[in-house]
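[1] Predicted model follows, preceded by the sequence.
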Amino acid sequence: MKSFLMIYLVLCLNISYNLFSKKPIQESLIDGQEIYNDFCAQCHLEDGKGVEGIYPPLAKSDFLNDINQTISSIKYGLKGPIIVNGKEYNSIMVSQGLDDEEISDVVNYILNSWGNSSKELITEEIVTSVKK
């Protein structure tokens, strides 16, 4: 009986954690927009179009198709040449020191703005799992 109660309690706690710990997408998008405006818009611009040859676009960007690479770029920074929408960019993007929740919010915002569309909710756990 004690084993059953312990298993039941653990199961209930796990279900509660999963139900209440995930941020709704709308809240994530709002938070992500604020983070984007504070940290990203200086280079990638408010419309996500970037500056050709210097800062790559995020609007309708094929670079965003690789979610792990997108997260890693924000989490750890990016250095060296990359190809975005068929054009080469060779700048340095330093890590902005965002925590995993902030990164998940800004990635959700980017993936759902300026002609980008994603059905996947990027969670803090997904960001945490991305290693350098």
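    Now that the structure is in, tell me what you want to look at. None of these values were measured; they are calculated from a predicted model.
[2] I would like the residues contacting stretch 87-102, please.
    With contacts defined as C-beta atoms under 8 Å, 6 or more residues apart in numbering, stretch 87-102 is touched by 23, 31, 35, 39-40, 43, 52-56, 73-83, 106, 124, 127-128. (C-beta placed from N, C-alpha, C; glycine too.)
[3] Which of those residues fall within helices?
    Per DSSP state H, helices hold the following members of the contacts of stretch 87-102: 31, 35, 39, 43, 73-76, 106, 124, 127-128.
[4] quick one: which of the residues you listed has the most company?
    residue 106 (29 neighbours; other C-beta atoms under 10 Å).
[5] Report the central residue of the chain.
    Nearest residue to the geometric centre of the chain (C-alpha atoms, centre = their mean): residue 107, 2.4 Å.
[6] Does that one touch residue 32 like I think?
    Yes. If you go by C-beta atoms under 8 Å, residue 107 and residue 32 touch, sitting 7.2 Å apart.
[7] related to what we said a few turns ago, which residue, other than its chain neighbours, is closest to the residue nearest to the centre of the chain?
    residue 122 (4.6 Å; C-beta to C-beta, 6 or more residues apart in numbering).
[8] Just list the residues touching residue 70, thanks.
    So residue 70 contacts 63-64, 107, 110-111 (C-beta under 8 Å, 6+ apart).
[9] Secondary structure, pLDDT and distance to residue 117 for the residues you listed - can I get that in CSV?
    Below are the contacts of residue 70 laid out as CSV (DSSP: H, G, I helix; E, B strand; the rest coil; pLDDT from 0 to 100; distance: C-beta to C-beta, whole Å):
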residue, secondary structure, pLDDT, distance to residue 117
63, helix, 97, 15
64, helix, 97, 10
107, helix, 98, 14
110, helix, 98, 11
111, helix, 98, 8
